[in-house]
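**Student:** following is a predicted model, sequence given first.
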Amino acid sequence: MFQTRLNEAAQRVEAHLSHVMAPMGDLPVVQAMRYASAGGKRLRAFLVLESARLHHIPEAQAIWPATAIEAIHAYSLVHDDLPCMDDDDLRRGLPTVHVKWDECTAVLAGDALHTLGFECAAHPECHPDPSVRAELTLTLARAAGGQGMVLGQALDIAAETAANPLTLDEITRLQAGKTGALFAWSATAGAVMAMADTAPLKRYAADLGLAFQIADDILDIEGDAAKVGKAVGKDADAGKATFVSLLGLEGAKNRARVLIEDACDALAPYGGDAETLRDAARFVISRDS
Ligand code: GRG
């Protein structure tokens, strides 16, 4: 069953995060790093591990980029929750880092998780070929930075004070950066490690990332956010355009379904070997948190 595989992979990633943070001691900033990187669905790490498995990369190597992406993801959540951004008190059902510690600790813990991500991608045990490690690290920097996640976040913040709500094209571009770029890096990591064609996985990830965000917007409407442990923003999101506000609830659900069918179709070159990645795509729109 998919959920069991996801949970088992999550435990292996959790153990590896503990392993890479073990030498860091126990200062409050390190405690905050451990706290912020615990829990979560580990979807991005799962995509790394599955894309690596598809390309016959041993998990002892793939666990490094899987850990890298979860460290970067955790950093982005810690900084996104800060008072200067979304000002959230809860994340994964628990107090956010700046609430549990303070803002300085949250900024520093996020910074250190950010750099930990690059350290893991560039780690010698990740791949014997330094040029492959350099490619993983370079593409991770691009995905996380000013042409990827940071760009998406900046566009999102700008949208809060824009005169007009975003159009569907604008919100699609924003989300391709904010959430899509890390998904794309994750899904293609195995192909990069095998020096194989990344094109089919790029297509898969583009559709999957967008469907993930649409599902997130639907969960915000349909789910009881506090109960499922999602971050609860103060009121910055009020009035902002979302896929649901632009397409309607049924329209958004249909769009997400079509995107997931397209994502699965993009995996045709891998035949039955990519069935778990197809399951991951279906999970993205059926999840409840
Ligand atoms: C601060 C540079 C910077 C970027 C932040 C990722 C992000 C950009 C903001 C998070 C805000 C948010 C709730 C975005 C919606 C999509 C999203 C990333 C949800 C959280 O991802 P999940 O559901 O989280 O994979 P878990 O807890 O399972 O790891």
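**Tutor:** Nice, I can see it.
**Student:** how about residue 132, secondary structure?
**Tutor:** helix (DSSP: H, G, I helix; E, B strand; the rest coil).
**Student:** distance check, it against residue 273.
**Tutor:** To residue 273, residue 132 is 21 Å away according to CB to CB, to the nearest Å. C-beta: built from backbone N, CA, C; applies to glycine.
**Student:** tell me the contacts of the closest residue to residue 108 other than its chain neighbours?
**Tutor:** Distances taken as CB to CB, 6 or more residues apart in numbering put residue 29 closest to residue 108, at 4.9 Å, once the chain neighbours are dropped. Shown in contact with residue 29 (CB atoms under 8 Å, 6 or more residues apart in numbering): 105, 108, 109, 112.
**Student:** the ligand: which of the residues you listed is nearest?
**Tutor:** Within the contacts of residue 29, proximity to the ligand (CB to the nearest ligand atom) peaks at residue 109, which comes in at 12.8 Å.
**Student:** can you pull the buried residues of the helix or strand that contains the closest one?
**Tutor:** For residue 109, the host element (DSSP states H and E) is helix 103-121. Across helix 103-121, burial judged by 16 or more other CB atoms under 10 Å covers 105-110, 112-114, 116-121.
**Student:** which one of those residues is nearest to the ligand?
**Tutor:** Distances from the ligand to those, taken by CB to the nearest ligand atom, are shortest for residue 110, at 7.7 Å.
**Student:** what about the closest residue in space to that closest one that isn't next to it in sequence, which helix or strand?
**Tutor:** Nearest in space to residue 110, with sequence neighbours left out and distances taken as CB to CB, 6+ apart, is residue 78 at 3.9 Å. Residue 78 is located in helix 59-80, with elements delineated by DSSP H and E.
**Student:** tell me the buried residues in that helix?
**Tutor:** 61-80.
**Student:** surely residue 137 and residue 119 touch.
**Tutor:** No: assessed by CB atoms under 8 Å, residue 137 is found out of contact with residue 119, at 9.2 Å.
**Student:** overlap in contacts, the two.
**Tutor:** With CB under 8 Å, 6+ apart, residue 137 and residue 119 have no common neighbours.
**Student:** show the pLDDT at the residue of the stretch 151-289 of the chain found nearest the ligand.
**Tutor:** Taking CB to the nearest ligand atom, the ligand has its nearest neighbour within the stretch 151-289 of the chain at residue 153, 3.9 Å off. Per-residue confidence (pLDDT) for residue 153: 97.
**Student:** and the closest residue to residue 268 other than its chain neighbours, what does it touch?
**Tutor:** Using CB to CB, 6+ apart and skipping residues adjacent in sequence, the residue nearest residue 268 is residue 200, 7.6 Å away. Residues near residue 200 by CB under 8 Å, 6+ apart: 266, 267, 268, 269, 270.
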